[in-house]
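Enquirer: requesting a structural model of the entry that follows:
(4 chains, ligands or ions: 2)
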Amino acid sequence: MKFGVVVFPGSNCDADCYNAIADIPGAQVRYVWHKDRDISDLDCVVLPGGFSYGDYLRTGAIAALSPVMESVADFAKRGGLVLGICNGFQILLEAGLLPGAMRRNSTLTFICKDVYVKVERADTPFTSLYRQGQVIKMPIAHSDGNYYADQKTLDALETTGRVVFRYCDTEGLATAEHCPNGAMNNIAGIINESGNVLGLMPHPERCSEGVLGSGEDGRMLLMSCIHHLNRGR
Amino acid sequence: MMRFRARVYVMLKQTVLDPQGSAVLRALGDLGYDGIHDVRIGKIVDLSVQAEDPDEARAKVEEIAKRLLANPVLEEFSVFLEPDAAQGV
Amino acid sequence: MMRFRARVYVMLKQTVLDPQGSAVLRALGDLGYDGIHDVRIGKIVDLSVQAEDPDEARAKVEEIAKRLLANPVLEEFSVFLEPDAAQGV
Amino acid sequence: MESTYRQMGLSDMEYDRIKSVLGREPSLTELGMYAVLWSEHCAYKHSRKLLRTLPTTGEGILVGPGENAGAVEMGDYAIVFKIESHNHPVAIEPFQGAATGVGGIVRDILAMGARPVALLDSLRFGDPKEPRNKYLINGVVAGISAYGNAIGVPTVGGEVKFANAYSENPLCNVMCVGVVKKDRIAKGLARGPGNALMLVGARTGRDGIHGATFASEQLDETSEQKRPAVQVGDPFMEKLLIEACLELLDTPYVVGIQDMGAAGITSSVAETASRAKTGAELYLDNVPLRESGMSAYEIMLSESQERMLLIVKQGKEAEVAARCAKWGLLSAVIGRVTADGMLRVFHKGEKVAEVPVTSLTDDAPCYSLLPAPRPGTREEVPSVTDPDSTLLELLASPGISSKQWVYEQYDYMVQTNTVLRPGQDAALIRVRGTRGGIALSTDGNGRLVYLDPYEGAKAAVAEAARNVVCVGATPRAITNCLNFGNPEKPHIAYEFTQVVRGMGDACRALGTPVTGGNVSFYNETCGKAVYPTPVVGMLGVLDDILAAVTCAFKSEGDVVLLLGPDRVSFAGSELQYLQYGAPSGTPVPVDLEMEVRLQKTVLSLMKKRLVKSAHDLSEGGLAVALAECCIDQALGASVELADDTMPLPLSLFAEGPSRIIITCSPEHLHEIRRCCGEAGVPCRVLGTVVKGVLSIARAGETCLRVSVDHIISKWRG
Ligand SMILES: Nc1ncnc2c1ncn2[C@@H]1O[C@H](COP(=O)(O)OP(=O)(O)O)[C@@H](O)[C@H]1O
Ligand SMILES: [Mg+2]
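Expert: Numbering: from 1, shown residues only, chains lettered A, B, ... in the order given. Ligands and ions are numbered 1, 2, ... in the order given. Take a look at the predicted model:
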């Protein structure tokens, strides 16, 4: 069960992801340098959060063009699991592996806090250990999480059930008031058509250990991946 | 080879709501400016580019704009070019 | 009253470091684009403004640019104006 | 020449001194080098003598003042920490001023070979309702947010306080903490003649030339014209520097490392050579430049950000350059270490400077202060007609209300070590590889210091230590930033002298040596100085992070106790400030023996796991502290004050040192009382934790009653 955490210049949650994965029994993990192309040993690629290339120009824009992303695109095409967290999600959008784009938060500020999200799909490789409709707590930490897609794309996402996480209140109600960043339809995370590429703004690796004060709801996401991969063997 | 100055304008598409533009509009209201509408914020990227002729220069800059400088989901761009008088190469 | 479209360009002063521009320049190098120099990134602010005449409109926009849109410590700006054909008020 | 050296901020006497060191007239480049290194900012001309009186050694202190940062031992690790001011830059450009402030202190920590693991920001502004102040506040917070978040170092704590005295002169002090294996602490030494001096990171531009002298001047109308001195920070470059330098320090190629802060190449080379008792030769043509046509003078004095100096073993330059290139960083060999104690600078085939290294670093003049106190003030006593509304007003005041709007803009969780996030008495971060953690707090109440500099400084140290104790950690050492007006004025000199004395006494009593810090003078505009503001950055250590304590009431029925003495006063208090806009009177002095007993006792009770919550009493007094304990778990308390003779407003809202509220299960009350009795720490049962409401009664009569919902909504604003 091998995970690879990609290190882009400016990534800063790479070690956090690495540690959270390494903590899970049965998981192996290594770093992948952004200029490397060989990821054939991996079962799951994680694009971590942070400020790749300083978030300059647009978040994720420069990283999306790095050599490793060509390999990640191939890997995804062949069905490999790809998980983009925060800046990793932004990179997936910029690379066209997921539809849509990120705008500046509607508050125009960076926001760091715990939020509630609803698990809209518990039948993906990344969410199988959650219950459908479960409300979980995860922290966010970003300036650009205001998800945008044109109406057609948005409709397609909704009708094909590709919105996996949605910002909501403690009861699971997804009102605009509980959307921290202005994201359309309260979208916090989406998956690609073939169901193997997930991007989300909240940080599961920051809620994998209770002692850090954000609960352990994120650990389930990482464990779901392992569960899925084990089943495939 | 010649050197050209290129200026790329990157603006959000009209259909995309611009949170920064709305915030500036609000701030202008707070400062007491009235009669202001439709504030939209975009980016300028200035660069020098070496090429044989203006056509090549433009093609190069358009490619860069398409690949990197603008995100087609949100933005549209336009390219302006002038020879860089100071610095023929 | 008439309506004018104004476009304000805000650029960092030449002497001020532009980390964003330098990072984009490096990235373009990594992507194999050579012959690119001096990348600098600035802001465009488009807005509509109501005024009696072009002079008043320009004065208004210049004031706004000075007070809010540009940071005089680091940036300089220029204002361009055209009557907003579509929307005489 | 005369006008030149005066423009650079050198006095006639200082100029003569340079001439006598060199035995000739200095060149322009040399003059510039002396001007920056002999500036107040670099040479501590007015503070050096006094700072030497501070306690700097003790058990577990691995590195004291003099290096880039102090270091405290924790198991196999060294915890490295330091605080620094960026007040003047912030007054001119708040966003970039604050951002580059973060960048600078982070490089100090990096220069110790440590990975930066936490930031704290201590901020002072004028009235937040004024537009100019609002602009400064938003800019500073955004600048810290932009820089700290991007480099992936969590901002886990700090303070934001307001008073008119800071209106023209905001204070922005940033503290950084790092962790390094203790046998891997790096040194700022230019060792080994022949070794290469390599500059890594950003290109050198004309920015910030004379920033160091600028930081040592008062702001006046002409500061506007000095605006080109404003620096732009590049956090992306800084992040790459951190990773590249840490990777390089793991190789045998690098023998020394130094950040390039104020006075750039000049100070970093002079300091490292001076510490190593060597000399250096510099070849300025090799320095990667951002702008064309820069003179030797400009290159030597440039304060371009995001640069580090590495001292690299001769022959290993290529290896180092390759590592830098891997991280996308420029590097260049800009000189060599020599043995003869001279600093020689070459540019365009000419020798442009040749001066003894130690004359730059050690020969700056040292001035004595001429202190004279200012007359005292008569205490204005606030009026309280309705305690409920006074409490709510205090909770909503900018000094006390929730700072979530600030720290929500900071990534306080990155690195996944933050055990206690902002909002507690102290932040707590785990040290990976151990079961323990470090607790961090910054404190310094300028109002108290203004009224009584000696006692105010003691109070700052005591409160910082108490904050750390409240989360369960043992205070170990401090770093400090001394923010004052013009020290050449007698009353400022008096404030400074007394503060250093008070800080020293408190640190000796509490066993927390001073491992480093920073002095920022000339925080004046048009003759008006800020409150004397010593900011204390306290480092505490906790063996087991699972034993951490928070301030929130935990369960209904728990007993609420007040530990510590009864002496309080309105002098310098939040309520007095709210009603009169200025502090007056004489604050309660800190009984350091009592403070030590209190802190030791609380820690030992915590060790026995008897304490369910702890919170220190500071601004707003007892009533505010109780209300703050209600917020997190939305639990209230029913409190009965002893039937004493103190006027009610004093009991509720006046402030005094050495007091902590704790809660415990009823069955532990007896044991707690016994321990306090034994230790000689006053201990009073205040009441019990209840649902929904905070009520305070005296002599059987309710005198304050506010719902917890109301408390929370006022405090959150
Ligand atoms: N500028 C800031 N940055 C980060 N955290 C802050 C800042 N200001 C206040 N906080 C946090 O808010 C809480 C309350 O601050 P403060 O009222 O100064 O506490 P205290 O009175 O206990 O020293 C603390 O946890 C502090 O760390
Ligand atoms: Mg406190």
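Enquirer: could you report the neighbour count for D:Met13?
Expert: By the criterion of other C-beta atoms under 10 Å in any protein chain shown, D:Met13 has 8 neighbours. Using the backbone N, CA and C atoms, a C-beta is placed for each residue, glycine as well.
Enquirer: ok, now which ones touch the closest residue to it other than its chain neighbours?
Expert: Counting by C-beta to C-beta, 6 or more residues apart in numbering or on different chains, D:Pro365 is the residue found nearest to D:Met13 once chain neighbours are left out, at 7.1 Å. Taking C-beta atoms under 8 Å, 6 or more residues apart in numbering or on different chains, we find D:Pro365 in contact with D:Met13, D:Glu14, D:Arg17, D:Trp38, D:Lys45.
Enquirer: so who does residue 13 touch?
Expert: By default, I'm working from chain A. By C-beta under 8 Å, 6+ apart, the contact list for A:Cys13 reads A:Pro48, A:Gly49, A:Gly50, A:Ile85, A:Cys86, A:Asn87, A:His203, A:Glu205, D:Gly152, D:Val414.
Enquirer: not quite, I wanted chain B
Expert: B:Leu74, B:Glu75, B:Glu76.
Enquirer: from those residues, pick the one nearest ligand 1.
Expert: Proximity of these to ligand 1 (C-beta to the nearest ligand atom) peaks at B:Leu74, which lies at 32.8 Å.
Enquirer: just want the angle from the lengthiest strand in chain B to strand C:36-51.
Expert: In chain B, with assignment by DSSP state E, the single longest strand is strand B:36-51. With axes from the mean of the first three to the mean of the last three C-alpha atoms, to 10 degrees defining the directions, strand B:36-51 sits at 160 degrees from strand C:36-51.
Enquirer: is chain D within reach of strand B:36-51?
Expert: No: using C-beta under 8 Å from any C-beta of the partner chain, strand B:36-51 stays clear of chain D, coming no nearer than 14.5 Å.
Enquirer: how about the helices in chain A?
Expert: For chain A, the helices defined by DSSP state H occupy A:14-22, A:67-77, A:87-94, A:151-159, A:219-232.
Enquirer: show me where chain B has its helices.
Expert: Using DSSP H, the helices found in chain B span residues B:19-30, B:54-64.
Enquirer: can you lay out those helices as a markdown table showing mean neighbour count and mean pLDDT?
Expert: Below are the helices of chain B laid out as a markdown table (neighbours: other C-beta atoms under 10 Å in any protein chain shown; pLDDT from 0 to 100):
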| stretch | mean neighbour count | mean pLDDT |
| --- | --- | --- |
| helix B:19-30 | 16 | 90 |
| helix B:54-64 | 17 | 95 |
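Enquirer: could I get the ones you listed as TSV with distance to chain C?
Expert: Shown next, in TSV, are these (distance: least, C-beta to the nearest C-beta, whole Å):
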stretch	distance to chain C
helix B:19-30	6
helix B:54-64	6
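Enquirer: reformat those helices as CSV; add distance to D:Lys554.
Expert: Shown next, in CSV, are the helices of chain B (distance: least, C-beta to C-beta, whole Å):
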stretch, distance to D:Lys554
helix B:19-30, 41
helix B:54-64, 59
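Enquirer: brilliant, that's me finished.
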